[in-house]
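Colleague: coords please:
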Amino acid sequence: MGTAGDLDLERYFERIGYDGDRSATTATLNAIAAHHARSIPFENLDPFLGTPNRLDLESLQCKLVESRRGGYCFEQNLLLRAVLLELGFDVTALAARVLWGSPSTDVINPRSHMLLLVDVEGDRRIIDVGFGGMTLDTTLRLETNTVQDTRLEPFRLLDLRGDYLLEALVGDEWRPIYRFDLTPQHPVDYEAPNWYLSTWPGSHFVTGLLAARVAEGRRYALNGTRFTVHPLGGESVRLELTSADELRKCLESEFLIDTSGLRGLDEAFHRLP
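Modeller: Predicted coordinates:
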C-alpha cells in the first residue's frame, strides 16, 4: 500500500476545488468533506466493466485525481485518509456492516464498508465520502441520540447493542445506513473485501452500474439505466436512459466523470436491466 508521503496534495486539492485553510481543525475537515463529496463521485464503472479496483495510493491518485474518475468506499476513503494524515489529522480507519435496504437492523452483514474516525480539537468525528446515495458532505460528532443536521438530510447515531448505528431521515422516516464499532482497521484489512466486491460474479458492483454525487441542495443517483435527482425537500425526478450515448453524457455532465478511457462501456450498456 502507498503511504501518506506518496501523496500529491496539490493535485488533490485542485481536483476537489479547495483552496482554503489546511490546518488540522474541524472547519478544515468539514470543508474538505464538502468539496470532496461534490467533486469526486461514487461509481463502480471499473468492476462493472471487468477491471478489479486497486487500493494502492498510486492507483487511487491516478484514477480519482488524474483521470477524473470516481470510486467506491475503499477508494474514496483510503485517498481521503492519506490526505488527512498528510495534513496532520489523527485518523482511525474503521469498517461497517451495511444495513441500507435491509429489512431489519438485526441483519448481520459482512464488514464491507469503510469510514474514518478523526480526533480533532478535543472532539471525535466520523467522516465518510464513499457511501453512494447517502454520502456525507460533512462530518458527524461521535455521539448517540443526537440529531445532526447536514446540508442535506439530518443524520443520527444510535447505540445498537454496543455498536454505533448510523441513520438518516429520508422524507419522514429514519432509515438505517450501517452499523460499526471502533476497532481500528489497516489498509490491508480492506484488500480482501475489495477483491470480493470488485470481482465476485454475484457482486452488485460487478453485475450492475451505480453512480452518485452530492450537489448543492440535491443528490444525483444512477442505478442501471435510471437517473434520479433527489432535491432537498422536493419530489424526486427520474429519467430512463435509453442509449449508451445518453449514459455517457449523463456520467460526464451530472457525475463529472471523464469517460474517455472507459473501454467497453457502450457494449456493456446493453447488459443493464
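Colleague: Backbone dihedrals for the most centrally placed residue in the chain, both of them.
Modeller: For the chain, the residue nearest the mean C-alpha position is Gly130 (1.1 Å; CA atoms, centre = their mean). Dihedral angles of Gly130 (phi, psi; degrees, to the nearest 10) stand at phi -130, psi 30.
Colleague: any idea how far it is from Phe74?
Modeller: 7 Å (CB to CB, to the nearest Å). (Glycine included, C-beta is placed from N, CA and C.)
Colleague: try Val91
Modeller: 15 Å.
Colleague: The stretch 1-150 of the chain: strands as residue ranges?
Modeller: 42-43, 90-98, 111-120, 123-127, 140-141 (DSSP state E, counting those that start in this stretch).
Colleague: low pLDDT regions in the stretch 1-150 of the chain?
Modeller: 1-5 (pLDDT under 70).
Colleague: can you give me the helices in it?
Modeller: Remark: helices assigned in the stretch 1-150 of the chain by DSSP state H, counting those that start in this stretch are 9-16, 26-39, 45-48, 57-60, 73-87.
Colleague: In the one helix or strand Trp174 maps to, which residues are buried?
Modeller: Assessed by DSSP states H and E, Trp174 sits inside strand 173-180. In terms of neighbour count (16 or more other CB atoms under 10 Å), strand 173-180 has its buried residues at Trp174, Pro176, Ile177, Tyr178, Arg179, Phe180.
Colleague: again, but for stretch 62-82
Modeller: So, applying 16+ other CB under 10 Å, buried residues of stretch 62-82: 63-65, 68-82.
Colleague: First-to-last residue distance for that stretch?
Modeller: 14 Å (CA to CA, to the nearest Å).
Colleague: cool, and stretch 208-222?
Modeller: Stretch 208-222: ends 10 Å apart by CA to CA.
Colleague: Next: stretch 16-25.
Modeller: Rule used - CA to CA; the end-to-end distance of stretch 16-25 is 18 Å.
Colleague: Not counting its own residues, what contacts it?
Modeller: The contact list for stretch 16-25 (CB atoms under 8 Å, 6 or more residues apart in numbering) reads 13, 27-28, 31-32, 35-36, 38-40, 87-90, 120-121.
Colleague: Derive a PyMOL selection command for the buried subset of these.
Modeller: Per 16+ other CB under 10 Å, the buried members of these correspond to this PyMOL selection:
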select buried, resi 13+28+31+32+35+36+38+39+40+87+89+120
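Colleague: from the contacts of stretch 16-25, which is closest to Leu239?
Modeller: Closest approach between the contacts of stretch 16-25 and Leu239, by CB to CB: Arg38, at 20.9 Å.
Colleague: who's in contact with the closest one?
Modeller: Going by CB under 8 Å, 6+ apart, the list of residues near Arg38 reads Ile16, Asp137, Arg213, Val214, Ala215, Glu216.
Colleague: Likewise for Leu210?
Modeller: With CB under 8 Å, 6+ apart, Leu210 has these contacts: Phe42, Glu43, Asn44, Gly132, His204, Leu222, Asn223.
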